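Student: Model the following, please.
(one chain, ligands or ions: 2)
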Amino acid sequence: MSKQTAASEFVVDVRALVKHPGAHRHVTLDGTLPGLATPVARVADDAPIHVDAEVESVVEGLLVSGEVTTRVTLQCARCLGEFERDLRVRVRELFALHPGDAEEEGYALLPDDRLPMDTMIRDAVVLAFPSAPLHSPDCAGLCPVCGADRNVIDCGHQTEAGDPRWAALAGLDARLAGDGLVPPAGDGLVPPAGDGLVPPAGDGLVPPTGSTLHTEEEDDARP
Ligand SMILES: [Zn+2]
Ligand SMILES: [Zn+2]
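Tutor: Ligands and ions are numbered 1, 2, ... in the order given. A predicted model of the protein is given here:
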């Protein structure tokens, strides 16, 4: 039940590589890393994480390059439904021989010549999470009037018809979703769902005119 055992799945003994520049070793690792989550994306605590990497000894330390793959659960930015996707992230990081060399950024070997990849994996996976996932490029989203999931039912509200803003957004989302889960380098291009998407409808808000109440009838009650 210890969380430390999970992390140790991604620690590699590299005594044979350290201080032997040019030496290299291929490693494949499998494990889990609890707590990988953002508001719209997460890797389940028990979801398998696979690492396939080449570890190369260089003068400064060890260079790790390869791929991390796992399964991610996402929340659609339009319909708020949850869906799953495979996530594949490329990594290429230098692990410094001495922790002091990695003060600014980057990673370092453990003192006993072990290579701890868990933090690198965490960083890579979370950075690869999309900021505004879509379960489908043409997700119809929620009805701004009644909140119904338009992918499931047709509630009859037509507020989006003919609004050119929808067409522009649809095209943008399709482009972003087209290349899978590759992160858009931090510039949130997709505006949050529900922001300004509701055109001010002129109808449906005025109460019917035929419901005027005739209160004088109360006074007509004759004993
Ligand atoms: Zn959706
Ligand atoms: Zn509706």
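
Student: Tell me how many other residues crowd the nearest residue to Arg90 once chain neighbours are set aside.
Tutor: Nearest residue to Arg90 in three dimensions, chain neighbours excluded: Glu67, at 5.7 Å (Cβ to Cβ, 6 or more residues apart in numbering). From N, CA and C alone the C-beta is placed, and that goes for glycine too. By other Cβ atoms under 10 Å, 13 other residues sit near Glu67.

Student: What residues are bridge-paired with Glu67?
Tutor: Asp52, Arg90 (DSSP bridges).

Student: In contact with it, which residues?
Tutor: Applying Cβ atoms under 8 Å, 6 or more residues apart in numbering to Glu67 gives the contacts 51-53, 88-91.

Student: Among the residues you listed, find me the one that's closest to ligand 1.
Tutor: Arg88 (21.9 Å; Cβ to the ion).

Student: Close to ligand 1: what parts of the chain are there?
Tutor: By Cβ under 5 Å from the ion, the residues of the chain that approach ligand 1 are 76, 78-79, 135, 139.

Student: Among the residues you listed, which one has the most neighbours?
Tutor: Going by other Cβ under 10 Å, Arg78 tops those with 25 neighbours.

Student: Now do the same for it: helix, strand or coil?
Tutor: coil (DSSP: H, G, I helix; E, B strand; the rest coil).

Student: hang on, isn't it packed against Pro144?
Tutor: No - the criterion here is Cβ atoms under 8 Å, and Arg78 misses it with Pro144 at 11.1 Å.

Student: Tell me where this structure has helices.
Tutor: For the chain, applying DSSP state H gives helices covering 3-8, 118-128, 164-178.

Student: So for the second one, mean pLDDT?
Tutor: In this case it means helix 118-128. Mean pLDDT, helix 118-128: 96.

Student: by contact count, what packs against that helix?
Tutor: strand 49-58, strand 61-75, strand 82-96 (3 or more Cβ pairs under 8 Å, 6 or more residues apart in numbering; DSSP states H and E).

Student: Taking helix 118-128 as reference, get the angle to the first one.
Tutor: Regarding strand 49-58 and helix 118-128, their directions subtend 120 degrees when assessed with axes from the mean of the first three to the mean of the last three Cα atoms, to 10 degrees.

Student: Mind giving me the packing neighbours of strand 49-58?
Tutor: Where contact means 3+ Cβ pairs under 8 Å, 6+ apart, strand 49-58 is packed against strand 24-31, strand 61-75, helix 118-128.

Student: Where does the prediction get shaky in the protein?
Tutor: 1-7, 99-105, 159-223 (pLDDT under 70).

Student: per the record, what domains does it have?
Tutor: Using automatic domain parsing, the domains assigned to the chain come out as 8-128, 171-207.

Student: Ends of the longest one, what's the gap?
Tutor: It stands for domain 8-128. With Cα to Cα, to the nearest Å applied, domain 8-128 spans 23 Å between its terminal residues.

Student: With stretch 43-63 instead?
Tutor: By Cα to Cα, one end of stretch 43-63 lies 26 Å from the other end.

Student: same check, this time on stretch 29-38
Tutor: Stretch 29-38 has its terminal residues 24 Å apart, counting by Cα to Cα.

Student: do stretch 123-137 as well
Tutor: 27 Å.
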